[in-house]
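>>> No letters, just coordinates:
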């Protein structure tokens with residue numbers, strides 16, 4: 001029969017091994033970002049299910065692994081207390097040394113294993129550790145429920161999520177100053193950094209600029225409009241743009257034209273159903289993943305009432321990262337054009353935030369319940385102003401260049417001398 005001291009030493013060694021395994025699994029899970037897990041899951045293969053589980057239950061898994069490490073360290077402390085008590089070193093001192101040693105070794109070994117084996121190695125470790133992980137569920141489940149209850153009562157401030165972004169922005173600035181990459185590369189990195197925070201409403205083509213067809217439109221009219229606009233996909237609606245039934249692919253129509261079946265075919269028979277809808281507040285990172293998974297190149301952006309707020313395409317999302325992509329069919333005019341010092345002409349659909357970047361000064365006024373320049377003007381005036389109407393916003397004079405009964409289309413913006421800054425009603 002083994003001596004008690006031998007059994008206690010083996011207990012400490014076993015606890016050290018368990019703590020290292022729990023640490024390795026936890027560090028591996030922490031090293032796997034959501035994008036890496038999504039890529040592994042979408043590619044399929046032996047670790048697809050493990051990646052899907054890590055995405056779905058990340059918080060619960062990490063809680064179990066952390067508790068497992070705490071339990072392992074506690075077991076080592078108990079064994080050390082009994083091992084060192086007879087020697088006169090004192091149970092408290094022995095337990096303290098064991099806790100520090102076990103925690104330090106486990107964290108170092110576990111972290112090293114995780115870094116060397118990620119990403120698939122991390123998922124393999126999680127698979128091996130699953131029985132030991134689930135063993136901690138009786139202890140972890142109440143803590144998980146408590147954490148969720150606390151989050152509901154005391155929500156995490158949004159600014160707390162900006163710390164990693166600020167840190168990355170600082171690294172980009174340092175890299176640019178050190179000459180590690182040029183201004184273009186820095187701008188690209190910043191675009192990627194801002195990508196996940198952007199919503200569909202910010203990149204979509206607004207409904208007032210969407211080229212769409214009523215389902216009763218003749219194919220001759222459709223062909224003429226396609227020839228004029230040069231797009232490859234068009235929403236098709238029944239009665240109203242809010243009732244989009246499908247998407248017309250220009251190549252489908254031209255195939256019918258080539259086969260000589262134009263007279264016997266209707267637009268209803270050509271469109272691809274159903275159309276793909278996303279919410280205007282949906283993050284474009286999620287929109288992109290859904291479009292890739294469903295193999296759609298165009299999505300209809302729905303507003304809070306279920307109507308069509310606009311459309312978003314893969315090109316729109318890509319432009320959010322790499323900048324404007326122009327082809328031979330794009331209008332060469334920009335939404336904001338400078339006509340001399342301090343004088344601009346802007347499309348009313350331009351985002352107020354984009355316009356502020358160009359002007360280099362805050363322009364927004366009122367209670368902020370708008371996104372576009374036209375929306376801001378209508379809100380300030382209280383109605384759609386007539387052509388020639390003028391108003392002051394901050395350091396700028398605004399004059400309506402083009403408008404109809406329903407909306408403003410073009411606005412002239414002139415920077416005033418710095419003597420007065422006010423927001424006045426339209427004349």
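Here it is on my side, so go on. Here the structure is a predicted model, which is why all the values come from computation and not from measurement.

>>> any low-confidence regions in the stretch 101-250 of the chain?
101-121, 151, 154-196 (pLDDT under 70).

>>> Pull out the buried residues from the strand ranked longest in the chain.
Ordering each strand of the chain by length in residues (DSSP state E) puts strand 240-249 first. If you call a residue buried by 16 or more other CB atoms under 10 Å, then strand 240-249 has these buried ones: 241, 242, 244, 245, 246, 247, 248, 249. All C-beta spots, glycine's among them, are computed from the backbone N, C-alpha and C.

>>> try stretch 197-208
For stretch 197-208, by 16+ other CB under 10 Å, it's 198, 199, 200, 201, 202, 203, 204, 205, 206, 207.

>>> In contact with the first one, which residues?
Counting by CB atoms under 8 Å, 6 or more residues apart in numbering, residue 198 makes contact with 283, 284, 320.

>>> Okay, and the beta partners of the first one?
Right, the one you point to is residue 283. residue 199 (DSSP bridges).

>>> How about the contacts made by it?
Taking CB under 8 Å, 6+ apart as the test, what residue 283 contacts is 196, 197, 198, 199, 200.

>>> What's the separation between the third one and residue 280?
Just to be clear, that refers to residue 198. 12 Å (CB to CB, to the nearest Å).

>>> Next: the last one.
Applying CB to CB, one obtains 5 Å for the distance of residue 200 from residue 280.

>>> who touches both of the two?
residue 301.

>>> on that earlier part again, buried set for the following helix or strand past the longest strand of the chain?
Per DSSP states H and E, the first helix or strand lying C-terminal to strand 240-249 is helix 250-258. For helix 250-258, a neighbour-count test (16+ other CB under 10 Å) marks 250, 253 as buried.

>>> residues touching residue 247, list them.
233, 234, 235, 236, 271, 272, 275, 276, 298.

>>> now swap in residue 243 and tell me
residue 237.

>>> Give me the contacts around stretch 396-408.
Contacts for stretch 396-408 (CB under 8 Å, 6+ apart): 208, 345, 348, 359, 361, 363, 373-374, 377-378, 384-392, 409-416.

>>> any idea how far residue 247 lies from residue 262?
Residue 247 is 19 Å from residue 262, by CB to CB.

>>> go on, residue 214?
Residue 214 is 18 Å from residue 262, by CB to CB.

>>> same thing with residue 348?
38 Å.

>>> what does residue 6 give?
Taking CB to CB, one finds residue 6 at 91 Å from residue 262.

>>> Which one's more surrounded, those two?
residue 262 (14 against 11; other CB atoms under 10 Å).

>>> quick one, domains of this protein?
4-153, 162-195, 201-322, 336-415 (automatic domain parsing).

>>> mean confidence score for the last one?
In this model, domain 336-415 has an average pLDDT of 83.

>>> Would you indicate which residues of the helix or strand hosting residue 124 are buried?
Taking DSSP H and E as the criterion, residue 124 maps to helix 120-135. The neighbour-count check on helix 120-135 (16+ other CB under 10 Å) flags 120, 121, 122, 123, 125, 126, 127, 129, 132, 133 as buried.

>>> Okay, now stretch 379-389: how far is its last residue from its first?
14 Å (CA to CA, to the nearest Å).

>>> Please point out which parts of that stretch sit buried.
Buried, per 16+ other CB under 10 Å, within stretch 379-389: 380, 381, 384, 385, 389.

>>> And the strands in this structure, which stretches?
Per DSSP E, the chain carries strands over the ranges 205-206, 213-214, 233-238, 240-249, 277-279, 298-302, 308-313, 336-338, 343-347, 390-393, 396-403, 408-415.

>>> what's near enough to touch the closest residue to residue 21 other than its chain neighbours?
Excluding the flanking residues, the one nearest residue 21 by CB to CB, 6 or more residues apart in numbering is residue 129, at 6.0 Å. Contact analysis of residue 129 by CB under 8 Å, 6+ apart lists 21, 22, 25, 65.

>>> could those residues be laid out in JSON lines, adding pLDDT and distance to residue 49?
Shown next, in JSON lines, are these (pLDDT from 0 to 100; distance: CB to CB, whole Å):
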{"residue": "21", "pLDDT": "77", "distance to residue 49": "21"}
{"residue": "22", "pLDDT": "78", "distance to residue 49": "22"}
{"residue": "25", "pLDDT": "77", "distance to residue 49": "16"}
{"residue": "65", "pLDDT": "82", "distance to residue 49": "19"}
